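S.K.: next input, structure requested:
(chains A and B)
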2 protein chains.
Amino acid sequence: MSAQSLDRLCQALCHLPGVGKKSAQRMAFHLLQHHRHGARELAQALLDAVNHIGHCQRCNTFCEQPECSICLDTSRDASMLCVVESPADMAALERTRNYRGYYYVLMGCISPIDGVGPTELKLKQLLLQIDRQQPREVIIATNFTAEGDATAQVLMRMLESKSIKGSRLARGVPVGSELEYVDLSTIAHALAARM
Amino acid sequence: MSAQSLDRLCQALCHLPGVGKKSAQRMAFHLLQHHRHGARELAQALLDAVNHIGHCQRCNTFCEQPECSICLDTSRDASMLCVVESPADMAALERTRNYRGYYYVLMGCISPIDGVGPTELKLKQLLLQIDRQQPREVIIATNFTAEGDATAQVLMRMLESKSIKGSRLARGVPVGSELEYVDLSTIAHALAARM
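M.R.: Numbers count the residues shown, from 1 in each chain, chains lettered A, B, ... in the order given. Below is the predicted model of the structure:
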């Protein structure tokens, strides 16, 4: 390729998760050929986001102000705190409109492969938030993966030491699914947790 | 989502081909959480590319200078001109190291669905290039899709009217493939064009 800035654009596009060399080239050609305005918009949006988005001082989610709108909402139920892995998980829970408590976003989970142990997860800020909020119950809504389970166990032990009730989301058969097609360990969990 | 610039970033990421709402969110979270430096780099690369990359005055490929390095290379074979759809196709042909002539990049193909007819393809510049270069043969290397075939037909007619020899890449069984797994129309073409 003769254009240096085209090479550099292709390399930079590879910073995006799930984008390899071939897709990066396709994206670069598409933007240059059909959508230069979109490329400018994307550049500006990236700079704005990187420069303005920090973390909420309370719940640690992405936020432009010192505290996010949920933490500032005093009408929510202060007796409940829900711990999630990412802002996307928080958004998923909010979409259900079934939870009115506060959140804490870990921004990750314990993953020894990636070098993230209990110390890297900034659990201190979570303890601060628990001390400030004094919730009756902490719902641990980490993912049901090996990493999420490990994180949940660490959190459970932490809550026990402070004598706060900890709970996890129920594991079981998803709504709308047919038993025949549900995987074995999900059915086993659903059997064990039958009501 | 409480952060406006996060929403805007997600929307802007959707300008990339093949990126929908969900992947855009995943990309935005990844960049903000793990790779802010990469986001800055990408923004800069986008601006650089959009501001500096234009089209080669001769062959129409992406280029930062008025003319690209291939068009400026006087050691190439001026009796051959190869017409391709995109700079990526040109790069693929260059990688074979089997072609030493010049190129012309259409930057698209005839596609009535997208509103691209013969007039939108800027064939005038191709005619100018043919007049300037006076090639003995024009190789039409458009893709073997319905749109590429239509484009090739239009180009062939154009070349006929100027009494210049036009040729197309051979259609046939790909190197390394087993007949059993090759699609019918490819085998039919290979039979018809047997040597």
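
S.K.: distance of residue A:39 relative to residue A:27?
M.R.: According to Cβ to Cβ, to the nearest Å, residue A:39 stands 10 Å off from residue A:27. Glycine gets a C-beta too; all of them are placed from N, C-alpha and C.

S.K.: let me see the contact set for residue A:29.
M.R.: When contacts are counted by Cβ atoms under 8 Å, 6 or more residues apart in numbering or on different chains, residue A:29 touches B:62, B:86, B:87, B:88.

S.K.: most neighbours among the residues you listed, which one?
M.R.: Greatest neighbour count in the contacts of residue A:29, by other Cβ atoms under 10 Å in any protein chain shown, goes to residue B:87: 28 neighbours.

S.K.: wait, it sits on residue B:62?
M.R.: Yes. Residue B:87 lies in contact with residue B:62 (Cβ atoms under 8 Å); the separation is 5.2 Å.

S.K.: circling back to that earlier point, adding distance to residue B:12, secondary structure and pLDDT, write the contacts of residue A:29 out as a markdown table.
M.R.: What follows is the contacts of residue A:29, written out as a markdown table (distance: Cβ to Cβ, whole Å; DSSP: H, G, I helix; E, B strand; the rest coil; pLDDT from 0 to 100):
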| residue | distance to residue B:12 | secondary structure | pLDDT |
| --- | --- | --- | --- |
| B:62 | 22 | strand | 90 |
| B:86 | 24 | coil | 89 |
| B:87 | 24 | helix | 88 |
| B:88 | 24 | helix | 86 |
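
S.K.: just give me the closest of these to chain A.
M.R.: residue B:62 (5.2 Å; Cβ to the nearest Cβ).

S.K.: point to the residue nearest the middle of chain A.
M.R.: Central residue of chain A (Cα atoms, centre = their mean): residue A:86, 1.1 Å from the mean position.

S.K.: isn't that residue right up against residue A:103?
M.R.: No. Between residue A:86 and residue A:103 there is no contact under Cβ under 8 Å: 10.9 Å.

S.K.: just to revisit the earlier point, which one of the contacts of residue A:29 is nearest to residue A:96?
M.R.: For the contacts of residue A:29, the closest approach to residue A:96 (Cβ to Cβ) belongs to residue B:88, at 44.1 Å.

S.K.: pLDDT weak spots in chain A?
M.R.: Low-confidence segments of chain A (pLDDT under 70): A:1-2.

S.K.: gap between the closest residue to residue A:14 other than its chain neighbours and residue A:16?
M.R.: In space, residue A:14 comes closest to residue A:24 once its chain neighbours are excluded; the distance is 5.1 Å by Cβ to Cβ, 6 or more residues apart in numbering or on different chains. Distance, residue A:24 to residue A:16, using Cβ to Cβ: 8 Å.

S.K.: who has more neighbours, those two?
M.R.: residue A:16 (25 against 19).

S.K.: neighbouring contacts of stretch A:110-126?
M.R.: A:60, A:83, A:104, A:106-109, A:147, A:150-151, A:154-155, A:158.

S.K.: mind giving me the packing neighbours of the longest strand belonging to chain A?
M.R.: Selection of the longest strand in chain A by residue count, based on DSSP state E, yields strand A:77-84. Under the contact definition 3 or more Cβ pairs under 8 Å, 6 or more residues apart in numbering or on different chains; DSSP states H and E, strand A:77-84 sits against helix A:87-96, strand A:101-105, helix A:123-133, strand A:137-140.
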